[in-house]
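1. structure, please.
(4 chains)
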Protein chains: 2
Amino acid sequence: MRNDHGIRILINRLARIDSATGWTGNLNPTQRAALEYLSEANQFSRSPSHVAEYLGTTRGTMSQTLKALVRKGYAAERRQKSDQRSISYELTKAGVAAVTGANPIADAIGNLPANVQAALEDGLLQSLRLALAANGGQSFGKCKTCAYHETGSENGFCTLLGLGLEAGESDKICIEHKEA
Amino acid sequence: MRNDHGIRILINRLARIDSATGWTGNLNPTQRAALEYLSEANQFSRSPSHVAEYLGTTRGTMSQTLKALVRKGYAAERRQKSDQRSISYELTKAGVAAVTGANPIADAIGNLPANVQAALEDGLLQSLRLALAANGGQSFGKCKTCAYHETGSENGFCTLLGLGLEAGESDKICIEHKEA
DNA sequence: TCTTTTGGTATCGACTCGCTACTATTTTGA
DNA sequence: TCAAAATAGTAGCGAGTCGATACCAAAAGA
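-> Residues are numbered from 1 along each chain as shown, chains lettered A, B, ... in the order given. Prediction:
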């Protein structure tokens, strides 16, 4: 019996139970995952393509999913001036509320001893990094740990895009992230 | 920023990436999860109801999923003599082959240091136990750790069902499991 | 026996998901 | 400069999940 497979199966089972029990609003698992990503990504990383790449699905599916979120009142489109093709989605108040709602799995994990939580997060992050590397995926880290991030100006500055960041944005996920 | 939510999101993301990359045969995530469960459950625990409860879905969906697996040649029905209503599904050769095939996420996890793997498995198991307890779910442990398990006879004996086990079955998941 | 419970299905509507095809809007490079 | 290629988003198809409801048959209780 292989233990490495066992861990993978455990992960899948937990995710599945989370989908079955983590009920806030009338959201299905994918819609909820997209919503959670939107709440943690910066303004340059909230297009259908980016969410799709982050969640390992296709642009087509994510396009539909995001429009479903808009239809349900959890998100809104915002057209970019720079590139007329791309759209940046942002959460509405209802969207923020849905993301911050209580969740059985999160509660269960929150009740674990702190050292177990730390070990768990560490192991999962390492797994994710290896898996993404094997798959040619992006790192999707946060601005503040990025090689292009500068702390000079008010809310931080991105030297790749040559733009100042909005308040709080240095703690958000960016599609262009490059480990410093 | 809440870390407990972070772990839950990591778990979901890994499961999602696994679904997107873990490609053996023409199986979708649910079908693969069901197949994996069948390969690890004993003969009394392979009915649609049991798989549904284990994976946190409904009997209706699992009924369809299992029939899809039969249609694709990965599983076969076996009617029970004792209860004419219930069905025990078992893997075909193709089913066993699909389950044992390589997988990017499993490989990634397998490449982690042994102590990280151990901590990861421990944390996930604890989370799962708490989540299931909060949800009134079963434990789904293996025969050999069960209060009803006796090692006297050839392959072990189940004192709950009053039946001798088949070879290797004491290492399989049972729906009636009760921690010894 | 008659009723209730249990195990498995069928069906409906909303949705994911992989795929292909298509339209706009950049970007490129000769 | 200006046509070709890459990129961003979408539409639509077929298979299938998923929650819900409704059924039927077998088993268990009263």
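2. pull the number of nearby residues for residue A:154.
-> Per other C-beta atoms under 10 Å in any protein chain shown, the neighbour tally for residue A:154 reads 10. For glycine as for every other residue, the C-beta is placed from the backbone atoms N, C-alpha and C.
3. could you do residue A:131 as well?
-> Using other C-beta under 10 Å, residue A:131 has 23 other residues around it.
4. looks to me like it is in a strand.
-> No - counting by DSSP: H, G, I helix; E, B strand; the rest coil, residue A:131 falls outside a strand, being helix.
5. for DNA strand D, see how far away it is.
-> If you measure residue A:131 against DNA strand D using C-beta to the nearest atom of the strand, to the nearest Å, the figure is 21 Å.
6. what residues are up against that residue?
-> Residue A:131 makes contact with A:137, B:14, B:17, B:18, B:21, B:104, B:105, B:108 under the criterion C-beta atoms under 8 Å, 6 or more residues apart in numbering or on different chains.
7. 10 Å instead, please
-> For residue A:131, the set of contacting residues under the criterion of C-beta atoms under 10 Å, 6 or more residues apart in numbering or on different chains consists of A:8, A:56, A:137, B:13-14, B:17-18, B:21, B:104-109.
8. what's the helix or strand for the residue nearest the centre of chain A?
-> For chain A, the residue sitting closest to the mean C-alpha position, by C-alpha atoms, centre = their mean, is residue A:37 at 2.8 Å. Here residue A:37 sits within helix A:29-40, counting by DSSP states H and E.
9. where do the strands sit along chain A?
-> Assigned strands in chain A, in chain order: A:75-79, A:87-91, A:149-150, A:157-158, A:163-164 (criterion: DSSP state E).
10. what is the mean pLDDT for stretch A:28-37?
-> Averaging pLDDT along stretch A:28-37 yields 90.
11. residues of that stretch that come out buried?
-> A:29, A:30, A:31, A:32, A:33, A:34, A:35, A:36, A:37 (16 or more other C-beta atoms under 10 Å in any protein chain shown).
12. possible to save those residues as JSON lines with distance to residue A:142?
-> JSON lines is the format used below for the buried residues of stretch A:28-37 (distance: C-beta to C-beta, whole Å):
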{"residue": "A:29", "distance to residue A:142": "24"}
{"residue": "A:30", "distance to residue A:142": "23"}
{"residue": "A:31", "distance to residue A:142": "23"}
{"residue": "A:32", "distance to residue A:142": "21"}
{"residue": "A:33", "distance to residue A:142": "18"}
{"residue": "A:34", "distance to residue A:142": "18"}
{"residue": "A:35", "distance to residue A:142": "18"}
{"residue": "A:36", "distance to residue A:142": "15"}
{"residue": "A:37", "distance to residue A:142": "13"}
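13. of the residues you listed, list those near DNA strand C.
-> Restricting those to those adjacent to DNA strand C (criterion: C-beta under 7 Å from any atom of the strand) gives A:30, A:31.
14. report the contact partners of residue A:73.
-> Counting by C-beta under 10 Å, 6+ apart, residue A:73 makes contact with A:25, A:92, A:93, A:94, A:95, A:98.
15. next, count neighbours for residue A:105.
-> Number of residues near residue A:105 (other C-beta under 10 Å) recorded here: 27.
16. only C-alpha atoms, please: export stretch A:30-41 in CSV.
-> Listed next in CSV are the C-alpha coordinates belonging to stretch A:30-41 (Å, rounded to 0.1, in the frame of the first residue of the first chain):
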residue,chain,number,x,y,z
THR,A,30,-16.3,26.0,-8.6
GLN,A,31,-18.2,29.3,-8.2
ARG,A,32,-17.1,29.4,-4.6
ALA,A,33,-13.4,28.7,-5.5
ALA,A,34,-13.5,31.4,-8.1
LEU,A,35,-15.0,33.9,-5.6
GLU,A,36,-12.3,33.0,-3.0
TYR,A,37,-9.7,33.6,-5.6
LEU,A,38,-11.1,37.0,-6.6
SER,A,39,-11.1,38.0,-3.0
GLU,A,40,-7.4,37.3,-2.8
ALA,A,41,-6.1,38.5,-6.1
